[in-house]
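Enquirer: Quick check, what structure comes out for this input:
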Amino acid sequence: MAEPDVRQRAEDGTKIADVTISGLSVQYDSSRAETLALSDVELRVLPSEFICLIGGPSGCGKTTLLNVVAGFVPPTAGEVSIRGNPVQSRAVERGMVFQEYALFPWRNAWRNVASAWRPSVCPGTSCASGLTSISGS
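Expert: Now for the predicted structure:
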């Protein structure tokens, strides 16, 4: 399914948001307790808007929200969409910078970036040649 042009408008005339979060709730269940990490979150990020999540104590849901948008964690309720397309799992169109180091220390920078490109996602040599053209190596 092709993504809509971000300059397009919805049927009601409103701009199509880059990111839309509607009624988002995430609950983690364990054998000891149920933890409600997010409850009924609403957010629209329009094209060219920039937002930053910087405040809040540890455990208040900042990382959970980002993990849902990235497709790493499924919502318990609600929906997240990017340019009108529901986020249902991870996708190569989205990236995430982790709080902790998420590199393979035995690989150089080029090999760490290249490790994300698998043949199932990027067949042939097009990914490696793209990385080479970006890095100039």
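
Enquirer: show me what contacts the closest residue to Val19 other than its chain neighbours?
Expert: Excluding its sequence neighbours, the residue lying closest to Val19 (CB to CB, 6 or more residues apart in numbering) is Val45, at 4.1 Å. (Each C-beta comes from the backbone N, C-alpha and C, glycine too.) Listed by CB atoms under 8 Å, 6 or more residues apart in numbering, the contact partners of Val45 are 17-20, 51.

Enquirer: gap between Val45 and Ala114?
Expert: 30 Å (CB to CB, to the nearest Å).

Enquirer: What count of nearby residues applies to Glu42?
Expert: Around Glu42 there are 10 other residues, counting by other CB atoms under 10 Å.

Enquirer: what do you get for the one 4 residues further on?
Expert: Applying the criterion other CB under 10 Å, we find 13 residues in the vicinity of Leu46.

Enquirer: Mark out where each domain of this structure begins and ends.
Expert: The chain breaks down into these structural domains: 19-86, 103-137 (assignment by automatic domain parsing).

Enquirer: Pick out the most distant pair among the contacts of Val45.
Expert: The span of these, defined through CB to CB, is set by Thr20 and Ile51 at 12.9 Å.

Enquirer: Compare neighbour counts for these two and give me the winner.
Expert: When Thr20 is set against Ile51 and neighbours are counted by other CB under 10 Å, the residue ahead is Thr20, at 20 against 8.

Enquirer: Give the helix, strand or coil label for the more buried one.
Expert: Reducing the assignment at Thr20 to three states with DSSP: H, G, I helix; E, B strand; the rest coil gives strand.
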